[in-house]
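>>> test case, fold it:
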Amino acid sequence: MHIIIDGYNLIFAVPTLERVVDKESMEMARETLLEALSRYKEKSRQEFTVVFDGRAQEGEDFGPSEKQVRGGINVLFSKGTTADEDIMNLISSLPNPRNMCIVTSDKGIIREARASGCQVTEPQEFYKKITGPSKKEKTRPRAEPMAKYQGPSENEVDYWLKLFKSKWEKDKAP
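Numbers count the residues shown, from 1 in each chain. The predicted structure is shown next:
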């Protein structure tokens, strides 16, 4: 399966990554995403392409989009186009779109992807899949001890009866 990710769309759809942008920088959020993808790639053996909107420097010629490979992840920075356009071009250029999954919440890309036969996954759902459940989801209530349901043992019953009987007799005495 080839998974194509609308990079900034995912970053701003996932609160964990959006907080990284707020506290650190956009570059740090990209790195956090790429590291998570790289770790997941080792387990899943799937092909990943992350597409980000690129920025042309002043006076720079709009050439082809810039391609990189980072930690086994294909990274594409659009130049002269938008990430959305690059994703749609990828969808139309690959031989078997049915073996592709597009990760985005962008309505235009979703429409194009589904019309081509691609699978579509929401960014939050995808990020949860690659990073595992959050700490809150990992903590499960501890199982209650079986003794709670079995009641006290005979020795415990005898102990408490003696204790309360003697206290009751003391309270009743004049």
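>>> leaving out the residues flanking it, which one is nearest to A13?
P123 (3.8 Å; CB to CB, 6 or more residues apart in numbering). (Glycine included, C-beta is placed from N, CA and C.)
>>> all strands for this protein, in order.
2-6, 47-53, 66-70, 73-78, 100-103, 119-121 (DSSP state E).
>>> now render those as TSV, adding mean pLDDT, mean neighbour count and distance to S166.
Converted to TSV, the strands of the chain look like this (pLDDT from 0 to 100; neighbours: other CB atoms under 10 Å; distance: least, CB to CB, whole Å):
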stretch	mean pLDDT	mean neighbour count	distance to S166
strand 2-6	94	24	72
strand 47-53	92	22	73
strand 66-70	80	11	76
strand 73-78	91	20	74
strand 100-103	94	23	70
strand 119-121	94	16	68
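>>> distance to V14 added to the ones you listed, as CSV?
As requested, the strands of the chain are exported to CSV (distance: least, CB to CB, whole Å):
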stretch, distance to V14
strand 2-6, 11
strand 47-53, 13
strand 66-70, 19
strand 73-78, 17
strand 100-103, 11
strand 119-121, 12
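>>> one step back: I'd assumed V14 was in contact with the residue nearest to A13.
Yes. Shown here, P123 and V14 form a contact pair, counting by CB atoms under 8 Å, at 5.9 Å.
>>> what values do phi and psi take at C118?
phi -80, psi 150 (degrees, to the nearest 10).
>>> surely it meets P97?
Yes. Between C118 and P97 there is a contact at 4.8 Å, judged by CB under 8 Å.
>>> picking up where we left off before, who wins for proximity to E156 among the strands of the chain?
Set against E156 and scored by CB to CB, the strands of the chain come closest in strand 119-121, at 54.7 Å.
>>> and the contacts of the closest one?
M100, C101, I102, V103, T104, I110, A113, R114, K129 (CB atoms under 8 Å, 6 or more residues apart in numbering).
>>> how near is V75 to S153?
Distance, V75 to S153, using CB to CB, to the nearest Å: 64 Å.
>>> ok, now which ones touch E156?
Counting by CB under 8 Å, 6+ apart, E156 has no contacts.
>>> where does pLDDT dip in this structure?
Scanning the chain for pLDDT under 70 picks out the ranges 55-65, 133-150, 167-168, 173-174.
>>> any chance you could map the helices in it?
Taking DSSP state H to define them, one finds helices in the chain at 7-13, 15-23, 26-44, 83-93, 107-116, 123-131, 135-138, 146-150, 154-172.
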